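S.K.: below: sequence and its predicted model.
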There are 2 protein chains.
Amino acid sequence: VTVPDGPAIRQALVEALERGDLVLVTGGLGPTSDDMTRDVAAELLGRKLVFDAQIMSKIAGHFARRNIVPPELVKVQAMVPEGAQVLANDFGTAPGLILEKGGKALVLLPGPPRELKPMWENQVVPWLKRRTGSRSPMAQRSWRIIGVGESRVQELLEAPLKKVGDFEFGYCSRTGEVDFRLITENAASLKKADGFIRSQLGEAVYAEGEETMEAVVVRAAAKKKRMIATAESCSGGLVADRLTNVPGSSKVFGFGWVTYSNEAKMEELGVSKAMLKKHGAVSEPVAKAMALGALRRSGADLAVALTGVAGPEPGSREKPAGLLWVALASRKSALAVKKNLPTDRETYKYSASQVALDLLRRELNKE
Amino acid sequence: VTVPDGPAIRQALVEALERGDLVLVTGGLGPTSDDMTRDVAAELLGRKLVFDAQIMSKIAGHFARRNIVPPELVKVQAMVPEGAQVLANDFGTAPGLILEKGGKALVLLPGPPRELKPMWENQVVPWLKRRTGSRSPMAQRSWRIIGVGESRVQELLEAPLKKVGDFEFGYCSRTGEVDFRLITENAASLKKADGFIRSQLGEAVYAEGEETMEAVVVRAAAKKKRMIATAESCSGGLVADRLTNVPGSSKVFGFGWVTYSNEAKMEELGVSKAMLKKHGAVSEPVAKAMALGALRRSGADLAVALTGVAGPEPGSREKPAGLLWVALASRKSALAVKKNLPTDRETYKYSASQVALDLLRRELNKE
């Protein structure tokens, strides 16, 4: 349930406490006038707010490290409902709070993800495990599938898997991809399911759980000790950005180019003026020349290059918005694939980067 | 209210129809076994599902353009509750549906954003306007503020603005930024508020509404006819990626480098081996040399360079994870700023890119 800052929070908390024994709340603990979750929760459970000097000294330290005098307002974040368990916030000012009453627990957590995530992992999950026992009654496993539509995934998997175990099936469709999820009480049946899924879908299964395509590529390149280079036009640096989101990517990635203009393609990657004139920047020969130029300039083992028409301008009849050429060059060969991704600009860029990363993945699987 | 695919949808629809006269639903219209929103909605409103040949031919066309035989399962998406208004889906297979009964309306929309957004803008909003009249009873305006904390924003603005008009105040804190929002019945008072806010915060106000920092930078550079180049190490291409998310960015951006390794910094940007040895890659001289190298190689008017320690490895005592140097070079001068952003890797990269874009913005404001 999502509610705006304001009085609707009270109603939402009342309903949630009726619905379950554990209520997790994020946000609304800030210092400004619209943040009222702390007050409403204290009032609902009949607790007074008391000033906590230890929290205040932690908040003062947070500002001191940034050489800022703490504004008067932040003191409200040191007010704690009586009897609450305080969860220290190492990445911001508002502490988390656990309030328990009559077998029910209300857990208030800060909204900003950089504060919320470590508090959840380091403090709330251990508390939950202590409180509930660590046994998980349901087992879950999910697979990330590229290049097969969700209807086709269901046709291939659902009926046969019903013979393997008693599963709840989940499908989440993204651009060109499907997440397929199984939930069951029998964890052992998931292993058999995994074997069947991979036998049916092969390389289309690119990851499990939350693992990203870029993490798969970096892991495979590190294992095979291959260096990757990128040469990007239409994707504007997104492939490099995604690769460098992966910790340890510096072991497999050293050089990337964003050659947005024709001049950059010529000067930085050695694409010839004649080729650009004859075929245009968005073409198979230019994509391959970009990849080969990046390979040569970087000394890497593999290079991907992307050139296309991202839109929103409609492009031309031969080269409409959505057109994409992606090339992959290795020491031995170069190939290029053409795609048509008519969508908004950011989805286009993301899809293009996914095509490039998937080409790298399949090449690294082969090598 | 967010509910998983499954029977909980029924309860959520019942509650929502009690709570309001207009219920907007997204997702659960897909072809797979977990998609049951269409069925549940039809049953709740007492409508039979009937096959719509026109929708089926549209779905068949969607697959035909991709040279795929439509799987049997997709036919369920051509089933329409009797009397429903059908919203064509130009970017996918599931049409939207509007069901009206007894003064209440239930609007079912597809979940994937690339399908949802155009359907919302082109079909649902016009329908809502026809149905409700186009008059908006409340006026809203919001400002994006960088480098001033939310408590300080409230201290500077809230009390004085209470004398300007009858406002509802909203604050949303992000890394190093605050969105400040005013809602009022008196649209004229927003103009006065805007003048006051800008007089108090000056250049810290970088945008209004949903406009992004990168859009502000591209707009300013286009207006002043300046070309921008990027040289990125720790941000891994994210600055270039963000700039190229803006339609028309090719007018102001031609060359970007992702020099992740020291070799790339030397070979592509002309940073000297001696400098790297003496100061290390994460240093003021190297940041400036990267920016100057990018400026020289690209022929641009302005270049930004980023070098830092993204983590998650803790780094060293002198150069801990979170350290960032950003340099800005123009034809006339070069400057560098140091930041400490101890956070997770992706937040670090985003914050670093924001620092770089903000330096560009302030420089373009000056020129």
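M.R.: It's in.
S.K.: so where does the residue in chain A sticking out farthest from the centre fall, helix or strand?
M.R.: In chain A, counting by Cα atoms, centre = their mean, residue A:274 sits farthest out from the average C-alpha position, at 41.0 Å. Applying DSSP states H and E as the criterion places residue A:274 in helix A:273-279.
S.K.: okay, which residue is most central for chain A?
M.R.: Nearest to chain A centroid, counting by Cα atoms, centre = their mean: residue A:212, 7.2 Å.
S.K.: for that one, what are phi and psi?
M.R.: phi -90, psi 160 (degrees, to the nearest 10).
S.K.: state the distance from it to residue B:251.
M.R.: Between residue A:212 and residue B:251 the computed distance is 32 Å (Cβ to Cβ, to the nearest Å). For every residue, glycine as well, the C-beta is placed using N, CA and C.
S.K.: and the strands in the stretch 251-367 of chain A, which stretches?
M.R.: A:253-259, A:302-308, A:323-330, A:334-340 (DSSP state E, counting those that start in this stretch).
S.K.: show me the one of those that comes nearest chain B.
M.R.: Smallest distance to chain B across those (Cβ to the nearest Cβ): 3.1 Å, for strand A:253-259.
S.K.: quick one: is the closest one near chain B?
M.R.: Yes. Residues of strand A:253-259 contacting chain B under Cβ under 8 Å from any Cβ of the partner chain: A:253, A:254, A:255, A:256, A:257, A:258, A:259.
S.K.: stretch A:148-164 too?
M.R.: Yes. Stretch A:148-164 lies within reach of chain B by Cβ under 8 Å from any Cβ, at A:149, A:150, A:151, A:152, A:153, A:154, A:155, A:158.
S.K.: also stretch A:60-67?
M.R.: No. On the criterion Cβ under 8 Å from any Cβ, stretch A:60-67 is out of touch with chain B, staying 8.5 Å away.
S.K.: quick check: mean pLDDT across that stretch?
M.R.: Stretch A:60-67 shows a mean pLDDT of 79.
S.K.: ok, the closest residue in space to residue A:34 that isn't next to it in sequence - contacts?
M.R.: Distances taken as Cβ to Cβ, 6 or more residues apart in numbering or on different chains place residue A:5 nearest to residue A:34, at 4.0 Å, with adjacent residues excluded. Contacts for residue A:5 (Cβ atoms under 8 Å, 6 or more residues apart in numbering or on different chains) come out as A:27, A:28, A:34, A:35, A:36, B:170.
S.K.: measure the fifth one to residue A:30 for me?
M.R.: Read it as residue A:36. 10 Å.
S.K.: looking at these two, which is more packed in?
M.R.: Between residue A:36 and residue A:30, residue A:30 has the larger neighbour count (other Cβ atoms under 10 Å in any protein chain shown), namely 29 against 18.
S.K.: so does the helix ranked longest in chain A get close to chain B?
M.R.: Ranked by residue count under DSSP state H, the longest helix found in chain A is helix A:345-366. Yes. Helix A:345-366 comes into contact with chain B (Cβ under 8 Å from any Cβ), by way of A:345, A:346, A:347, A:349.
S.K.: distance between that helix and the chain's centre?
M.R.: 15 Å (Cα atoms, centre = their mean, to the nearest Å).
S.K.: point out the residues in the stretch 51-200 of chain A that sit beside chain B.
M.R.: The stretch 51-200 of chain A comes close to chain B at residues A:68, A:70-74, A:91, A:111-114, A:117, A:149-155, A:158, A:169-171, A:173-175, as judged by Cβ under 8 Å from any Cβ.
S.K.: er, the stretch 251-367 of chain A I mean
M.R.: So the stretch 251-367 of chain A meets chain B at A:253-261, A:263-264, A:267-268, A:297-299, A:310-313, A:343-347, A:349 (Cβ under 8 Å from any Cβ).
S.K.: let's go with 7 Å and repeat that
M.R.: Counting by Cβ under 7 Å from any Cβ of the partner chain, the residues of the stretch 251-367 of chain A lying close to chain B are A:253-258, A:260-261, A:263-264, A:268, A:312, A:343-347.
S.K.: for PyMOL, write the select line for the buried members of these.
M.R.: Here is the PyMOL command that picks out the buried ones among those, judged by 16 or more other Cβ atoms under 10 Å in any protein chain shown:
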select buried, chain A and resi 253+254+255+256+257+258+260+261+264+268+343+344+345+347
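S.K.: can you list the buried residues in the helix or strand bottoming out on mean pLDDT in chain A?
M.R.: Counting by mean pLDDT, DSSP states H and E, the weakest-scoring helix or strand in chain A turns out to be helix A:53-65, with a mean of 84. Of all the residues in helix A:53-65, those buried under the rule 16+ other Cβ under 10 Å are A:55, A:56, A:58, A:59, A:60, A:62, A:63.
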